[in-house]
Each structure stands twice: as C-alpha cells, then as structure tokens.
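1. predicted structure and sequence below. I'll ask about it afterward.
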Number of protein chains: 2
Amino acid sequence: MEQMSRNLAFQLKKIRQQRHLSLDDVAKATGVSKAQLAQIEKGEANPTVSTIWKIAAGMRMSFSSLLQPPTAHYMRYSSKDVPHVDEDEGRYRVYSIIPYNPERGWEFYKVEMEPGAVSRSEAHTEGVEETVMVIKGQAIISAGDMHELLDEGDTLVFSGHQPHEYRNTSEGLTIFHLILQYK
Amino acid sequence: MEQMSRNLAFQLKKIRQQRHLSLDDVAKATGVSKAQLAQIEKGEANPTVSTIWKIAAGMRMSFSSLLQPPTAHYMRYSSKDVPHVDEDEGRYRVYSIIPYNPERGWEFYKVEMEPGAVSRSEAHTEGVEETVMVIKGQAIISAGDMHELLDEGDTLVFSGHQPHEYRNTSEGLTIFHLILQYK
DNA sequence: TACATATGTCTGATAAAATAAACAATAGAA
DNA sequence: TTCTATTGTTTATTTTATCAGACATATGTA
C-alpha cells in the first residue's frame, strides 16, 4: 500500500529539513541517489528494503522512527465503497468497514444475518481475539463448550483459536459489529 | 543491507510453517507471487515496501513482528576488516569497530591519538550522546564550558549536541573507546 | 502399480526501482 | 547587473524486482 510511502515521505522530509540538509547531502550520507530521494519525499516511490536500510543507516535513525506515521492524522472510510461477502446463500452478509492494516493490528466488520441464518468459522491462527457487539436482534455465539445468547446491546469477547459459530435465533434481522484483533 | 532480508526471510518462513501454509496459500492471501515469496524466504530478495505491506496485511501481522530479527543470534566483527579514518595528518585515527545499525541505534569506535593531537567535532544533531572510556593515556574532553581531564580507566558521558574537542595531553599514545548513541 | 494433486524451484518476459547526468530555478557574491 | 553556487526537478539508461507459467519432486489415492 502507499501508506508506508506516505509515512516514509513525511518522516524523511521532516528530519532532513530539521537538520538543514540538501538532497545532495542526504544522497552522500546514505548512498541513495538524489533523484530517488526526491521521489521518496514526494511519496511517489516504492523503495526496496535495502534503500530504506541505507537511508536509516546513513541518517542514523531507527526503522520505527523512519516509518512512523505522522501524528494528528485521520482517515475516513465511506459507507459507499464497503466491500462485502455473502454466505449461506446471501442470508449471512459481512461488510468490511475498516480493512486490516499492519500498523493498526485489527479489522472491523458489520454483519447482517437473516432469521435462522448460521455461519461457521474455522479456527483462526493463534492469538486472534474476536469482539462481537449486537446492534439489533439476537444471536447465539458458540465456541468449544461456550454457548452465549446475546441480545441487543450485549457484547462478547472470546478467543478465535477454535472453530466457532454464529446463529441468528431471533424472528428478524440480526446485526452486529465484529472486531478481529491479531496479536 | 541484507540484514533486513534475513529477518524477513526468517519470520515469514517461521509463521508460514507455524500455520501450515504452502507458498501458494500465502501467494493467494497476500497477492504476492509464489516465486517472489520463495525468493524472500531464502533471503535472496530485496522486496519493495508495497510487497512487504502486502505480506503483512495478508498474513495479518504487524511490521515489527515481520521484520523482527530472530532471537538468539550473534554477530562477530573481526579486527581484520575494520575501516578507519585519519585526521590531523594521521595523528588522530578512528577505527569503526561496530558500524551503526538501525536496529541497534548506536555505534562503537576505537580512537588513537598521538601526543598533542587534537580533534574537533561539529555539533551532532539533537539527541546524540557520547560515551568516552580511556583505555590508555590521558585526554581532555571539552564541550561548551565543560573541560574534563580523563585518565586511564576514566569514563565520560556527555551530550554531543554542541561542538566538542578531544585533546591528548599525555606524553604517549592515548587510546579510548567511543560510543555514539542516537535517540 | 498408475494417476492425481500438491508443493517448491526455475525460466523468460515485463514492469518498475535506481542511477547518473542534464536541466531549470534560485540565491548570493562580486 | 553578471557570474557562480546551490538546490530540486526532469530525462535517459541501467539494473532489478515481480509475475506468470513451466518444471521437477514429492505425497498421497485408487
């Protein structure tokens, strides 16, 4: 994604002008060509790890500080372009509200289930934690020997490391929010 | 440097076989070609940030965990191939023992000064901390209004944010170790 | 055994990252 | 003003990262 490029662009430009260095100075210090540095600072580049390494080493910075996102920053996710996936012949619909992002570590879904609809999930890898918040309707969440009936407003947090199941036990549509948190 | 490639290779391979996935699986999950993934796992690749992003996102990992160096790991720096720089007509010699590494954040030098030799350094950027340990001889370290005379065995820590000076005040060769720590 | 599927490796083609050098724009000094 | 640095941008070229698909090697299944 061009998220990283933006971070890199911001941080590099910031410290370069904090230190009052020209592109030539940085090029000499890092061994990366001036043209490439200019591209990077404009966020129009997709550098390789070795290039980033050279910059970090030459500027005496850590990776984290070089790739850190700028503070005070926001992102809007429009409801218009939310991708969604159907299961159970369209009776179970999953909308990806906030897609996974390596900087964040979690993702956010909205789920709609028709009456009687069921969804089964395989065990996720190791340390995945699921948070379910029922917005409307009623559902039973099962995992191992856990069977919890959630009403409107109820929230459940559980480990997704074993197979689990969502079941709409109400007469109408059930809607809930779902957060998947990765370790 | 190929340091990052090694870390990436190690971590990717590790979690791939922890999750019992094939290269095809990972290719499908991340959108990175199988050939490229194979190269990366062998440490023979120099991927771009967008490729790393795709891997991190597809595998639901953070950058840090993907780029983390394997634990239990050592590195030997041989005295044979230590680069060095001379100043003051060869009477001030700096040997780079451990070069800067973005993962570590500091670098290590050995310095030799002939009798009467002087070295002046410009102010380093912001949060640079210098540590001087005199191994042999005697030196005066000055920075701002600080003037410290160090004898064999003495150690001085000071901020390198202003111009400073090393001066060998002994009759013989003075040797000291120098650590530069970056914020 | 033969067959099928799955898995990692290798190869050639293509897209793109990276460089070096030319260029234009700017600022400073004589 | 003119001349000379200095700075960032642009262009042309080389290098290489990436991909799709072919290949070889297993690993089961009938």
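-> The structure has been received and is ready for your questions. What you see is a predicted model; the values in this text were computed from it and never measured.

2. show me the helices in chain A, by range?
-> A:2-18, A:23-30, A:34-41, A:49-58, A:63-67 (DSSP state H).

3. specify the angle between the fourth one and helix B:49-58 in degrees.
-> Inter-element angle recorded for helix A:49-58 and helix B:49-58: 100 degrees (by axes from the mean of the first three to the mean of the last three CA atoms, to 10 degrees).

4. buried ones in the lowest-mean-pLDDT helix or strand in chain A?
-> Every helix and strand in chain A was compared by mean pLDDT, DSSP states H and E; the lowest is strand A:84-87, with a mean of 79. For strand A:84-87, burial by neighbour count (16 or more other CB atoms under 10 Å in any protein chain shown) applies to A:Glu87. Glycine gets a C-beta too; all of them are placed from N, C-alpha and C.

5. could you measure from A:Glu152 over to chain B?
-> A:Glu152 sits 30 Å away from chain B, going by CB to the nearest CB, to the nearest Å.

6. typed the wrong thing, it's A:Arg91
-> Distance of A:Arg91 to chain B, given as CB to the nearest CB: 26 Å.

7. before we move on, what about A:Val26?
-> Distance from A:Val26 to chain B, counting by CB to the nearest CB: 13 Å.

8. what's near enough to touch that residue?
-> Residues in contact with A:Val26 (CB atoms under 8 Å, 6 or more residues apart in numbering or on different chains) are A:Leu12, A:Arg16, A:Val32, A:Lys34, A:Leu37, A:Ile55, A:Gly58, A:Met59.

9. show me what the least confident helix or strand of chain A is packed against.
-> Applying 3 or more CB pairs under 8 Å, 6 or more residues apart in numbering or on different chains; DSSP states H and E, one finds that strand A:84-87 contacts strand A:92-98.

10. sheet partners, orientation included, of the strand it packs on?
-> strand A:84-87 (antiparallel), strand A:106-113 (antiparallel) (DSSP bridges).

11. what's in contact with the shortest one?
-> Residues from elsewhere that reach strand A:84-87 (CB under 8 Å, 6+ apart): A:Tyr92, A:Arg93, A:Val94, A:Tyr95, A:Ser96, A:Ser119.

12. circling back to that earlier point, and which of the contacts of A:Val26 is nearest to DNA strand D?
-> For those, the residue nearest DNA strand D by CB to the nearest atom of the strand is A:Lys34; the value is 5.0 Å.

13. correct me, but the closest one touches A:Leu23?
-> Yes - here A:Lys34 lies in contact with A:Leu23, judged by CB atoms under 8 Å, at a distance of 4.6 Å.

14. got the domain ranges for chain A?
-> According to automatic domain parsing, chain A comprises the domains A:2-67, A:84-182.

15. need the nearest residue in space to A:Leu156, chain neighbours excluded.
-> Nearest non-adjacent residue to A:Leu156, counting by CB to CB, 6 or more residues apart in numbering or on different chains: A:Val132, 4.8 Å away.

16. compute the number of surrounding residues for the one you found.
-> Counted with other CB atoms under 10 Å in any protein chain shown, the neighbours of A:Val132 add up to 20.

17. list the contacts for it?
-> A:Val132 neighbours (CB under 8 Å, 6+ apart): A:Ala139, A:Ile141, A:Leu150, A:Thr155, A:Leu156, A:Val157, A:Tyr166, A:Phe176, A:His177, A:Leu178.

18. from DNA strand C, how far out is the residue lying closest to A:Gly58 once chain neighbours are set aside?
-> The shortest distance from A:Gly58 to any residue other than its chain neighbours is 3.1 Å, reached at A:Thr30 (CB to CB, 6+ apart). Using CB to the nearest atom of the strand, to the nearest Å, we find A:Thr30 at a distance of 8 Å from DNA strand C.

19. thought A:Thr30 was touching A:Ile55?
-> Yes - between A:Thr30 and A:Ile55 a contact is recorded at 5.0 Å, counting by CB under 8 Å.

20. so between these two, which is more surrounded?
-> For A:Thr30 versus A:Ile55, the count of surrounding residues by other CB under 10 Å is larger for A:Ile55: 25 against 19.

21. pretty sure that one contacts A:Gly31?
-> No - checked against CB under 8 Å, the pair A:Ile55 and A:Gly31 is beyond contact range at 9.1 Å.

22. which residues of chain A lie near DNA strand C?
-> For chain A, the residues in contact with DNA strand C (CB under 7 Å from any atom of the strand) are A:31-36, A:39, A:45-48, A:50-51.

23. from the contacts of A:Val26, which would you call buried?
-> Using 16+ other CB under 10 Å, the buried ones in these are A:Leu12, A:Arg16, A:Val32, A:Leu37, A:Ile55, A:Gly58, A:Met59.

24. closest one of those to B:Met146?
-> A:Met59 (27.2 Å; CB to CB).
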